[in-house]
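Participant: I need the structure of the sequence given here:
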Amino acid sequence: MVTDRARPSLGALTRLFAWIGLTSVGGGRSAYFYDALVVQRRWLRGDDFVQDLTMSQLLPGPSTANLSVAVGVRLGGPLGAACAVFSMVLPGAIILFLLTLAYFGGTIGADARPVLRGMSAGVVGLMFVTAWRMTRSSIRDARSAIIALGMFLAVGPLHVSTPAAIVVGGALSIWLHRPRG
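Facilitator: Alright, predicted model coming up:
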């Protein structure tokens, strides 16, 4: 659900997603989305963002492209989805193309590795912040905490395959959150 503010124009939606596509990095993209959509602009509530992010991560394909489609539909209908996903993916695709040309052309070498490691550490920090913010939005009772802790333990220390953990955790979550009488 869109918050009390008016829906953004297609131009504003396109500009925001193009900016995210141009400035965001790797796995930390969900942090950019959350900050831009929930914190700064308040176009979405935190629980709506978490719902769209969850759906985006459970579906096949790149989760940030899926999230762009889900948020685009929510904020601007089918045309909003097309504008959001295209404007989010295009900048990264162009940059990747140019970097690939530079890499295979010999312009980028092994000396870039320390820079990439440093950037990776920054992405991890962004992911921690986003995880904390999403935790506050989505874990509101003991049942949700049990599911979150169970998934963490299953996939992390217990090394259960992620698809198996999703199937079991999803079924358990549905059962724990089923409508009562």
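Participant: from the centroid of the protein, which residue is nearest?
Facilitator: S30 (3.2 Å; CA atoms, centre = their mean).
Participant: OK, contacts around R143?
Facilitator: 173, 176-177 (CB atoms under 8 Å, 6 or more residues apart in numbering). Every residue, glycine included, has its C-beta placed from N, CA and C.
Participant: buried members of those into PyMOL, please.
Facilitator: To isolate the buried ones among these in PyMOL, judged by 16 or more other CB atoms under 10 Å, type:
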select buried, resi 173
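Participant: in helices, which of the contacts of R143 appear?
Facilitator: 173, 176 (DSSP state H).
Participant: of all the contacts of R143, which comes closest to G61?
Facilitator: S173 (22.3 Å; CB to CB).
Participant: leaving out the residues flanking it, which one is nearest to the closest one?
Facilitator: Distances taken as CB to CB, 6 or more residues apart in numbering place I147 nearest to S173, at 4.8 Å, with adjacent residues excluded.
Participant: any idea which element the one you found lies in?
Facilitator: Element membership for I147, per DSSP states H and E: helix 142-155.
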